[in-house]
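S.K.: Just a sequence and a predicted model for now, questions to come.
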Amino acid sequence: MPSLDARGVAGLLREYAQRTALRGGNPYRSKAYSRAADSLAALAVPLDVLVAEDRLTEIPGVGDAIADIVTKLHKTGSHPSLEKLRKEIPAGVLEMLAVPGLRPEKVLRLYQDLGIASLAELEAAAKDDSIKKAKGLGAALQTKILQNLAIAKSGEGRLHLHRAAALLAHAKESIRKARPEFKRVTIAGDFRRGCELVGDLAIVAEAAKSDKTWMPSAEGLQVRVSDRKHFGAALLFATGSAAHVERLKALAAEKGLRLEADGLHKGRTLIAGDEADIYRALGLPFIDPELREGRGEVELALKGQLPKLVTDQDLRGILHCHTDASDGTETLETMAKATRQRGFEYFGVADHSKSAHYAGGLSVEEIAQQHRETGRFNKRCGKDFRILKGIESDILADGSLDYPDDVLERFDFVVASIHGRFKLDRKAQTQRLLRAISHPHTTIVGHMTGRQLQRRPGYEIDIEKVLRACAKDDVVVEINAHPWRLDLDWRWHQAALEFGCMLSINPDAHSIPELDHMHWGVLMARKGGVPPERVLNAMTLPEITRYLRQRRRSLARAA
């Protein structure tokens, strides 16, 4: 039997991961197999080369044990442990593991107790009310399945931004090592456009004119090779989106030109092969990749109305972070110092409030202790850096916040967030948020829809009504930069801007590495067309201090 390529091995390793999860035991083993399968799918060097040179452990997530499994799968197309697992569960049962919130033990119960052996059978059973009648399964699970089936279908084969970033960085480095003669190796596809989920892993490399050969790409990673003259056009097409490229083609045709994957042509003459030159020749300014979704960006460019997009460098501080006082992993001082080392001017702590028992929410006494610690740290820092005193206050079911006003007024800012009672109907959930927004001490509304990408949908709210209320009451809208959230969805950013809202790009960091989630929030803001002047934490320390002080004074006068 011929050896399997990376695509084939990745598929078998993913199956191994799923069957291991259904078997039970150590859950991290299954996750390790899944991560290794993702890495194999984005492999930029032929698998047989890595096997022959004993370099499998260079692949992210592949240690010695998984390397042995990969080698056997590559050489034989199977593995004794996998064959043993296959005898236990039909292949169709594995499909159900794609449904968010449906844990392996529940999948096993659905198969063993109800005989459900595929995603299609699961959907039929849920719609027929068969699941809610089963002992140990019930109505709640059936409702969750019905809600999350759409997520399972829409997110299939797509990766969160941070995971795609790691795979693409490794692929890029692998290509550079394998082909050092390549002048440029550039990431393209969904990732370059800053999409919240990435399915199109693409890289464009520049080769010498006489060298246009390249090894076949594994499924999941497409490598396009172009010479210098046509590199920009190859990058443009590999970046997409398809709708954006089609609009450019139509504009070219209107001007008597022809846009193809090797450049912009007039008759047989190539008039532009560089990306910026193609836009210029079409009478357009350069359109940032994040905007290229076929949502009217070409028309805005023709009118000279493209927004100036916020960048990482525009952000001057970090808001909405957690410490070990609630459910973070580091002390307040450690988090603040790490923020300062990254070049920021302020750190906005926002630990969980007292209702968040699951997250170690702060009592009134613990708040006073944290504020004393903050005062001592700020005194040592002088005017160059400051901790801003904040709290992430739970929005209770009736829309009230979970501290009295005399406690809330002690903070520099308050992030009001929903963390429970997600199943309220649209009207009740909207009213809940509206009441919280109208609270005079609410500064920022956190992760407005509560979604978690590929895990759960957001709760039902009238987003337009909520955004209008934020604008009216001068409440900032959070762009939660955690790669599992990225909430508010970038498709609503323009509406927020038009209504008059300010936005804040917040990492929701619970550890030092998570401070760097800020970048993913910036990407979302860029996709949403957000300029730096509409971002709260693009303000300097004196500016945001003045802004928050004036807001508190307004509250005092109103009271």
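M.R.: Okay, I see it.
S.K.: Give the helix, strand or coil label for the residue lying closest to Ala98 once chain neighbours are set aside.
M.R.: With sequence-adjacent residues excluded and distances taken as CB to CB, 6 or more residues apart in numbering, Ala98 is closest to Ala152, at 4.2 Å. From N, CA and C alone the C-beta is placed, and that goes for glycine too. Ala152 falls in the helix class when you classify it by DSSP: H, G, I helix; E, B strand; the rest coil.
S.K.: Ala152 and Leu97 touch, don't they?
M.R.: No: counting by CB atoms under 8 Å, Ala152 sits too far from Leu97 to count as a contact (9.1 Å).
S.K.: Can you pull out the low-pLDDT segments for the stretch 201-350 of the chain?
M.R.: Low-confidence segments of the stretch 201-350 of the chain, defined by pLDDT under 70, span residues 209-220.
S.K.: Asp64 reaches Val70, doesn't it?
M.R.: No: in this structure Asp64 lies outside contact range of Val70 using CB under 8 Å: 10.7 Å.
S.K.: So for those two, which residue has more residues nearby?
M.R.: Taking other CB atoms under 10 Å, Asp64 and Val70 do not tie; Val70 has more neighbours (27 against 8).
S.K.: Return the residues in contact with the more buried one.
M.R.: By CB atoms under 8 Å, 6 or more residues apart in numbering, the contact list for Val70 reads Val9, Leu13, Ala36, Leu40, Leu47, Val51, Leu56, Val62.
S.K.: Can you give the contact residues for the worst-scoring helix or strand of the chain on mean pLDDT?
M.R.: Among the helices and strands of the chain, helix 138-154 carries the lowest confidence by mean pLDDT, DSSP states H and E, at a mean of 81. Contacts of helix 138-154 from elsewhere in the structure, counted by CB under 8 Å, 6+ apart, are 98-102, 106, 119, 122-123, 126-127, 129, 131-132, 454-457.
S.K.: From the residues you listed, keep the buried residues only.
M.R.: Listed as buried from the contacts of helix 138-154 are 98-100, 102, 106, 119, 122-123, 126, 131-132, 454, 456-457; burial here means 16 or more other CB atoms under 10 Å.
S.K.: Just give me the closest of these to Leu248.
M.R.: Gln454 (31.2 Å; CB to CB).
S.K.: would you say the closest one is within a helix?
M.R.: No: looking at Gln454 with three-state DSSP, it is coil, so not inside a helix.
S.K.: if I look at it, how far off is Ala98?
M.R.: Gln454 sits at a distance of 9 Å from Ala98 (criterion: CB to CB, to the nearest Å).
S.K.: Next: Glu392.
M.R.: As judged by CB to CB, Glu392 and Ala98 stand 31 Å apart.
S.K.: can you check Arg292 too?
M.R.: Relative to Ala98, Arg292 is positioned 29 Å away (criterion: CB to CB).
S.K.: For Met502, which residues are in contact?
M.R.: So, once contact is read as CB under 8 Å, 6+ apart, Met502 ends up touching Asp474, Val476, Val477, Arg534, Val535, Leu536.
S.K.: so is the closest residue to the last one other than its chain neighbours in a helix, a strand, or just coil?
M.R.: Residue nearest to Leu536 in three dimensions, not counting chain neighbours: Ser504, with 4.0 Å by CB to CB, 6+ apart. Under three-state DSSP, Ser504 falls in the strand class.
S.K.: ok, Ser504 to Gly348 distance?
M.R.: Counting by CB to CB - Ser504 and Gly348 are separated by 9 Å.
S.K.: mind exporting the strand ranked longest in the chain as CSV, just the C-alpha atoms?
M.R.: Selection of the longest strand in the chain by residue count, based on DSSP state E, yields strand 386-394. Taking only C-alpha atoms (Å, rounded to 0.1, in the frame of the first residue of the first chain), the coordinates of strand 386-394 have been written out as CSV:
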residue,chain,number,x,y,z
ARG,A,386,-1.6,54.1,36.0
ILE,A,387,-3.9,51.3,37.1
LEU,A,388,-7.5,52.3,36.5
LYS,A,389,-9.9,50.9,39.1
GLY,A,390,-12.7,48.9,37.4
ILE,A,391,-15.1,46.1,37.9
GLU,A,392,-17.0,43.7,35.7
SER,A,393,-20.4,43.9,37.3
ASP,A,394,-22.9,41.2,36.6
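S.K.: In the next helix or strand after that strand, which residues are buried?
M.R.: Helices and strands here follow DSSP states H and E; after strand 386-394, the next one along the chain is helix 405-408. Within helix 405-408, the residues that count as buried by 16+ other CB under 10 Å are Val407, Leu408.
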